[in-house]
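Novice: Here's a sequence, model it:
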Amino acid sequence: MTELKFAFLEEPPFCFTGALGEVSGCDVELARRLGEMLGLASFKPIETEFAELLPGLIESRWTMTTGLFVSDERKQIVDFTRPIWALQDGLLVVKDNPRGFRGYQSIASDRTALIGVITDQIQHLTALRNGIAPEQVRIFATQADAADAVANGTVHAYASVAMAHRGYLAQRPDMPLGLVEVPPIEKQPSAGAFAIAKGNSILLRRIDSCLEELLGSDWHRQMMARYGFSDSDIDRVV
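Specialist: Numbers count the residues shown, from 1 in each chain. As a prediction, the model looks like this:
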């Protein structure tokens, strides 16, 4: 292997495309550094939708994906590196939170409320486990689609990672939206990791060895700080 093909989503601060077409983000920078440490000649970011991330690995369309929450279901079909972050869920809501949402359970108690999730993301199951009825859930393909649905009133909240919502709002400060952090009693911070196809145990060991060296280093802390992560965020996985 001479090239690291990296599948990513438009989901700042993890991965995003700049005005000149350059791909940036904390997951992108970490993956690019891994490629350099592995001695690979090139790093090729490939944009896709969430639902295609794991099928694309299995079909060898890319080598590694952006960070994903690790789950037993996903571990049956792909392998994960050691965790690269551990993050809390959040709800994107209309600015000033007129419905007074405090987390998943407050949405569950309001049967007129609708919540948006991204296809196959783990927040869909988390919402159901916290009492939200299936008929209250609307499914979207991308972060932008779900955020637009909150802004135009199609849904009343959009569940994802709180840090992803912060990244979205930082890039679109004029959107009439705000963030509600999900309390730990409803959902503890969850670990995410890069995913690779099964059968690549040598590559997995090499990546984990590089991550062991990188995570928590001065370079890593400074890089993550540029994307809004604190030392305590990093310490969860070091």
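Novice: For the rest of this, base every contact and every neighbour count on C-alpha atoms.
Specialist: Fine.
Novice: for this structure, what are the low-confidence residue spans?
Specialist: For the chain, not a single residue meets the criterion pLDDT under 70.
Novice: Domain map for it?
Specialist: 3-86+189-235, 92-181 (automatic domain parsing).
Novice: next one: the shortest one to chain centre, how far?
Specialist: What separates the centre of domain 92-181 from the centre of its chain is 14 Å, taken as Cα atoms, centre = their mean, to the nearest Å.
Novice: Same question for the longest one.
Specialist: In terms of Cα atoms, centre = their mean, the gap separating the centre of domain 3-86+189-235 from the centre of its chain is 10 Å.
Novice: what about that domain, how long is it end to end?
Specialist: One end of domain 3-86+189-235 sits 31 Å from the other (Cα to Cα, to the nearest Å).
Novice: tell me the helices in this structure, going along the chain?
Specialist: 26-37, 53-58, 72-75, 104-108, 123-129, 143-151, 162-171, 201-214, 218-226, 231-235 (DSSP state H).
Novice: Nearest to residue 20 among those would be which one?
Specialist: helix 162-171 (15.0 Å; Cα to Cα).
Novice: For the closest one, name the packing helices and strands.
Specialist: Counting contacts by 3 or more Cα pairs under 8 Å, 6 or more residues apart in numbering; DSSP states H and E, helix 162-171 packs against strand 89-94, strand 177-181.
Novice: Okay, buried residues for it please.
Specialist: 162-169 (16 or more other Cα atoms under 10 Å).
Novice: what's in contact with that helix?
Specialist: With Cα atoms under 8 Å, 6 or more residues apart in numbering as the contact definition, helix 162-171 has outside contacts at 11-14, 87-92, 175, 177-181.
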